[in-house]
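Q: Structure for the following, please:
(chains A and B)
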Number of protein chains: 2
Amino acid sequence: MGLGVKATPFTYAAHALAAAAAVLVLVWCVHFRGGLALEAQNKNLIFNVHPVLMLIGYIILGSEAIMIYKVFPKLNHDTAKLTHLILHAIATVLGAFGIYCAFKYHNDSGIANLYSLHSWLGIGTISLYAIQWVFGFVTFFFPGAAPSVRRSALPWHALFGLFVYVLALATAELGFLEKLTFLESGGLDKYGAEAFLVNFTALVVVLFGASVVVAAVTPAHVEEPRGYAPIPIN
Amino acid sequence: MGLGVKATPFTYAAHALAAAAAVLVLVWCVHFRGGLALEAQNKNLIFNVHPVLMLIGYIILGSEAIMIYKVFPKLNHDTAKLTHLILHAIATVLGAFGIYCAFKYHNDSGIANLYSLHSWLGIGTISLYAIQWVFGFVTFFFPGAAPSVRRSALPWHALFGLFVYVLALATAELGFLEKLTFLESGGLDKYGAEAFLVNFTALVVVLFGASVVVAAVTPAHVEEPRGYAPIPIN
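A: As a prediction, the model looks like this:
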């Protein structure tokens, strides 16, 4: 794109917004919604694991995986690639477990599965995420494609990866809206503290995602403008 | 990005998906929801104008504005720029009127305004859209900034424009989910024809938006690979 800025400030913004989003989702699920549990009489506690794992385990870890080349530009390339691959693998597993928690909550509570746009996009997104991981592993890690193939595959890997990442963010936004709509139709104050907290969390996630995408598309180092040469010493 | 492909096939895909999305939203609002009206006893007909105008008037026209340089790569640059500017202006006005219809429906029916994430992101998006238009007008059209300023502003104009565009798509997805959730909580079959139609429309909009973004970031013409020269005649 040639934006003429480097990625570093956007990685700082992304980390600050990720920390804010993580705190906000925990305050929501623990303080307002009663806490987290994998087995409980109160099935809502099982549901609460879903947004926490999807945001902190899947989206935030996945974001760190995306930004690793920009957060540590001096890291050895093979180390950065291995970290990218491992972080995305952990994010996929935690995301899949977070989706399992939503199914468990539905099944334990007699709620229908897989009828909403949130669920459709969510299943689609994690499937594409896993497919993207396998293609990345085979093409760039083991056994690895021929250099010419890797060279032409890399920009598509990055573009498709960012598409799936933006889909994950959109699915999160749909999730915040869907859960809050259910709570509000059950009597929660539409202009109350919890409704505002959830909507502000969703807005922080939008800004966080935008920072991650800009950090991903801007270079780690900016080339000096043409025609400029540093003033020589002496 | 250096994707090594040109924009044209993605503009074809975008036009086909735009036509599909436009038909689907009309089938939904006219066939399933009873039609469109600006004044009516049945206030739901006033609401129906909202999704039709936001999708066809705002998102599809805005998408054509974004893609104009790739759809007609041989168009005179000043003509393309003027078309880009006029299409975005019409999209903004139709979008603002579509938002007015949602407010009118709420006010006529005694429904609260501006409590949902859909409404917050929607108001935010059309505001950013209008700000982006004014900045683009002043910088690139009249009075126009100095050439060096325009050169460094252009990639930011494109990146911020795509950010606002993706926000508009995300807001549309939230809108489909929110309206369908209301209808389902009022008794609409979660696995019925209308629910599937709305969710499929939302999926078509995702694919449409992805085609527009790829068409925007790929070049109108692909440079020949380095080291390649056409075989000379003779």
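Q: which one is the residue positioned nearest the centre of chain A nearest to, not counting chain neighbours?
A: Against the mean C-alpha coordinate of chain A, by CA atoms, centre = their mean, the closest residue is A:Ile59 at 2.1 Å. In this structure, A:Ile59 finds its nearest non-sequential neighbour in A:Ala168, 5.7 Å apart by CB to CB, 6 or more residues apart in numbering or on different chains. C-betas here are computed from N, CA, C, even on glycine.
Q: where along chain A do the helices fall?
A: Listed from the start of the chain, chain A has helices (DSSP state H) covering A:8-26, A:44-52, A:61-71, A:77-109, A:117-136, A:147-185, A:193-217.
Q: Columns mean pLDDT on top of these, output as a markdown table?
A: Shown next, in a markdown table, are the helices of chain A (pLDDT from 0 to 100):
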| stretch | mean pLDDT |
| --- | --- |
| helix A:8-26 | 98 |
| helix A:44-52 | 98 |
| helix A:61-71 | 98 |
| helix A:77-109 | 98 |
| helix A:117-136 | 98 |
| helix A:147-185 | 97 |
| helix A:193-217 | 98 |
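Q: how about those helices in a markdown table, adding mean neighbour count and distance to B:Val30?
A: Shown next, in a markdown table, are the helices of chain A (neighbours: other CB atoms under 10 Å in any protein chain shown; distance: least, CB to CB, whole Å):
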| stretch | mean neighbour count | distance to B:Val30 |
| --- | --- | --- |
| helix A:8-26 | 19 | 40 |
| helix A:44-52 | 21 | 37 |
| helix A:61-71 | 22 | 41 |
| helix A:77-109 | 16 | 34 |
| helix A:117-136 | 18 | 21 |
| helix A:147-185 | 19 | 25 |
| helix A:193-217 | 20 | 32 |
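Q: CSV please, covering those and showing distance to B:Glu64.
A: What follows is these, written out as CSV (distance: least, CB to CB, whole Å):
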stretch, distance to B:Glu64
helix A:8-26, 30
helix A:44-52, 37
helix A:61-71, 31
helix A:77-109, 35
helix A:117-136, 25
helix A:147-185, 21
helix A:193-217, 24
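Q: which one is A:Thr8 nearest to, not counting chain neighbours?
A: A:Lys70 (7.2 Å).
Q: ok, the one you found touching A:Val217?
A: No - the pair A:Lys70 / A:Val217 is not scored as a contact, 9.7 Å apart, by CB atoms under 8 Å.
Q: Contacts only, for A:Leu100.
A: Actually, residue A:100 is Tyr. It isn't Leu. Neighbour list for A:Tyr100: empty [criterion: CB atoms under 8 Å, 6 or more residues apart in numbering or on different chains].
Q: Relative to A:His106, how far out is it?
A: A:Tyr100 sits at a distance of 11 Å from A:His106 (criterion: CB to CB, to the nearest Å).
Q: A:Phe142 now?
A: 38 Å.
Q: coming back round to it: residues contacting the residue nearest to A:Ile59?
A: A:58-59, A:62, A:125, A:129.
Q: ok, back up a step: closest to B:Ile46 out of the helices of chain A?
A: The closest of the helices of chain A to B:Ile46 is helix A:147-185. By CB to CB, the value is 21.2 Å.
Q: quick one, that closest one and helix B:193-217 angle?
A: 140 degrees (axes from the mean of the first three to the mean of the last three CA atoms, to 10 degrees).
Q: for the helices of chain A, which one sits closest to B:Ala112?
A: Using CB to CB, the helices of chain A put helix A:147-185 closest to B:Ala112, at 9.6 Å.
Q: between the closest one and helix A:61-71, what angle do the directions make?
A: 140 degrees.
Q: quick one: helix A:147-185 to helix A:77-109, angle?
A: 30 degrees.
Q: Now do helix A:147-185: distance to the chain's middle.
A: Distance of helix A:147-185 from its chain centroid, counting by CA atoms, centre = their mean, to the nearest Å, is 7 Å.
Q: What distance do you get for A:Trp120 to B:His15?
A: A:Trp120 is 25 Å from B:His15, by CB to CB.
Q: wait, does stretch A:196-206 make contact with chain B?
A: Yes - judged by CB under 8 Å from any CB of the partner chain, stretch A:196-206 and chain B are in contact via A:198-199, A:202-203, A:206.
Q: Report the distance from that stretch to the chain centre.
A: 15 Å.
Q: what's the pLDDT at the residue nearest to the centre of chain A?
A: Listed pLDDT for A:Ile59 reads 98.
Q: hang on, isn't it packed against A:Leu169?
A: Yes - counting by CB under 8 Å, A:Leu169 is a contact partner of A:Ile59 at 6.9 Å.
Q: what's the overlap in contacts for the two?
A: A:205, A:209.
Q: Count the residues that sit near A:Phe142.
A: When counting by other CB atoms under 10 Å in any protein chain shown, one arrives at 8 neighbours for A:Phe142.
Q: Show the contacting residues for the residue nearest to the centre of chain A.
A: By CB under 8 Å, 6+ apart, A:Ile59 lies in contact with A:91, A:168-169, A:172, A:205, A:209.
Q: what's the closest non-adjacent residue to A:Phe140?
A: A:Arg150 (6.2 Å).
Q: try A:Glu194
A: A:Phe32 (4.8 Å).
Q: so who does the one you found touch?
A: Taking CB under 8 Å, 6+ apart, one finds A:193-194, A:197 in contact with A:Phe32.
Q: so what sits against both of A:Tyr100 and A:His106?
A: Common neighbours of A:Tyr100 and A:His106 (CB under 8 Å, 6+ apart) do not exist.
Q: The closest residue to A:Gly95 other than its chain neighbours: how many residues sit nearby?
A: Leaving aside its chain neighbours, A:Gly95 sits nearest to A:Tyr58 (3.4 Å; criterion: CB to CB, 6+ apart). Look at A:Tyr58: counted by other CB under 10 Å, it has 27 neighbours.
Q: so who does A:Val5 touch?
A: A:218, A:222 are the contacts of A:Val5 under CB under 8 Å, 6+ apart.
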